[in-house]
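A.B. asks: Coordinates for the following, if possible.
(one chain, ligands or ions: 1)
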Amino acid sequence: MSLSATATDQSVSRLRCIACGDHPHSAGKDFRCTVCGDLLEFCFPGWTSASPDPAALKSLWLKRCTSRHDLDQSGVWRFRELLPHIPEEHAITLREGNTPLYHLPRCARSTGVDNLHAKHQGMNPTASFKDTGMTFAASSAHHGKFRWVACASTGNTSASMAAYAARGNMHSLVLIPDGKISWGKLSQSLDYGALTCQLRTDFDGCVRILNELVRQKPVYLLNSVNPYRIEGQKTAAIELLEQLAWESPDHIIVPGGNLGNSSAIGKALLEMLELKLISRLPKLSIIQATGANPFYRTVREFAGTNLEPKLEPMTANTLATAIRIGNPASWKKALRVLDATGGEVEEVSEVEIAAAKAEIGADGIGCEPASAVTLAGLKKLRHRGFVKSGESVVLVLTGHLLKDPDFTIKFHRGDLFAGTPDEGEALQTKPLQRAPLVLDADLGAVIAALDTAERNS
Ligand code: F0G
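C.D. replies: As a prediction, the model looks like this:
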């Protein structure tokens, strides 16, 4: 086990502190800058001296789609020319990435944006976008000969980490907030063999304990402060642009929790522009739940001022448990890509999230609640005129519908907001609800139900 083994080939990629610009030779245990304590990121000085030929890269990546080689079949490792080097023998892959881009015809009609697509990152091996970053960061742990990897999670990171650790013959330690993650996600980390600790705190409390732990024990930190996670997650945007024949959409919209994903997608967009793989930047917008909106508040508070932005942590609360995060680690990285791409931030209510989720479901796609903030946010951005009807929009759906069936069932039964302050507002979602009918085992009863449905359709 050695931390220096996580050092990269310095001629191509280097670690850099996002705040003070220091270039550490290798990452510390907490992946923070030893000079100023801020986050690290990878930069690629090698591209300045020998810039890769964009046409050659595009054709190489396409050619790999017909290869039988494990790494070429991964939608992450296929783009390895844009990633730091990790020796092939350490790569742990479940053939992640390769996720579909779907047109959303009904959602397009309801938002008044014809060209509306969803990049469904829930179609990854463990059913969330986390796999794209995890394949890369877990491989770096393997390269560093770690026995143990660990994360704090709202459920998807832990599911993904547990799977990749198992594939790489490593032990995994999961810290999750007790009672605040979905059963689907919890069951995954159990089945993949993680040591799963449900702590009596929230996600932010789990992060605090984990940061202490990595200082005392030889475990490798797999939260998204780990810059290898961000590198792997970049490939979602590269794959998206390849699917769009390298024509940038006008807008990409992502949910914001700990803000690793938005940072990664934004980083990829900026790097693709630098390498001339694309000729213009999409605007990257970030949507948070109102009950977990520290980033939204920061952006709004400091917009148009010359003050140095500061994030005020909050106690987060939302039924979209994946993004129940009050102190997002990567907020400075996200702010940078928001500014660089000219994107916006929005916040959406619990009822708006639930309605948007059912609408995405009605397009035959489905997603988990946190992913649905993207459609709810799009509606607001359309309303404000930031997104125009003729523009092209891609929503990044981060998790699969089956991650949180409890939410879905309660919504369709009309129970989701019962007894909460949102009960009144939720009445407007009735037309979206499709509660199951319990009938006698009788043909006549089924035909009557069918006829009623037909009349109402
Ligand atoms: N959507 C889903 C389904 C998520 O699981 C998460 C984060 C996000 C969106 C937000 O992404 O944190 O990169 O801004 N889930 C983390 C976890 C925190 O532990 O699974 P982010």
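A.B. asks: ranges for the strands of this structure?
C.D. replies: 14-17, 40-43, 101-103, 116-120, 148-152, 171-177, 195-199, 219-221, 251-255, 283-289, 345-348, 393-397 (DSSP state E).
A.B. asks: between those strands, which gets nearest to Thr93?
C.D. replies: strand 148-152 (15.9 Å; Cβ to Cβ). C-betas here are computed from N, CA, C, even on glycine.
A.B. asks: between the closest one and strand 195-199, how many degrees?
C.D. replies: 30 degrees (axes from the mean of the first three to the mean of the last three Cα atoms, to 10 degrees).
A.B. asks: Leaving out the residues flanking it, which one is nearest to Glu352?
C.D. replies: By the measure of Cβ to Cβ, 6 or more residues apart in numbering, the closest residue to Glu352 outside its immediate chain neighbours is Ala376, 4.1 Å from it.
A.B. asks: Could you check the angle the lengthiest helix in the chain makes with strand 393-397?
C.D. replies: Counting residues, the longest helix found in the chain (DSSP state H) is helix 227-243. Angle of helix 227-243 versus strand 393-397, following the same axes, to 10 degrees, is 140 degrees.
A.B. asks: can helix 227-243 be found next to the ligand?
C.D. replies: No: residues of helix 227-243 are not located near the ligand by Cβ under 6 Å from any ligand atom, the shortest gap being 7.8 Å.
A.B. asks: how about that helix: buried residues?
C.D. replies: Buried positions in helix 227-243, judged by neighbour count with 16 or more other Cβ atoms under 10 Å: 227-242.
A.B. asks: Same check on stretch 44-61?
C.D. replies: Buried-residue list, stretch 44-61, by 16+ other Cβ under 10 Å: 44, 46-47, 52, 57, 61.
A.B. asks: what's the least confident helix or strand in the chain by mean pLDDT in contact with?
C.D. replies: Every helix and strand in the chain was compared by mean pLDDT, DSSP states H and E; the lowest is helix 46-49, with a mean of 86. Residues from elsewhere that reach helix 46-49 (Cβ atoms under 8 Å, 6 or more residues apart in numbering): 11-13, 274-275.
A.B. asks: hey, C-alpha coordinates of it in PDB?
C.D. replies: Only the C-alpha atoms of helix 46-49 are listed here, as PDB (Å, rounded to 0.1, in the frame of the first residue of the first chain):
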ATOM      1  CA  GLY A  46       1.400  17.400 -22.000                       C
ATOM      2  CA  TRP A  47      -1.400  18.600 -24.300                       C
ATOM      3  CA  THR A  48       0.300  22.000 -24.700                       C
ATOM      4  CA  SER A  49       3.600  20.500 -25.900                       C
END
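A.B. asks: Quick one: distance of that helix to the chain centre.
C.D. replies: 29 Å (Cα atoms, centre = their mean, to the nearest Å).
A.B. asks: Please apply the same query to stretch 106-117.
C.D. replies: Worked out by Cα atoms, centre = their mean, stretch 106-117 lies 22 Å from the chain centre.
A.B. asks: Please apply the same query to stretch 225-238.
C.D. replies: Using Cα atoms, centre = their mean, the offset of stretch 225-238 from its chain centre is 10 Å.
A.B. asks: got it, and stretch 178-197?
C.D. replies: 18 Å.
A.B. asks: Just the buried residues of that stretch, please?
C.D. replies: Here stretch 178-197 shows 180-182, 184-186, 188-189, 192, 194, 196 as buried, counting by 16+ other Cβ under 10 Å.
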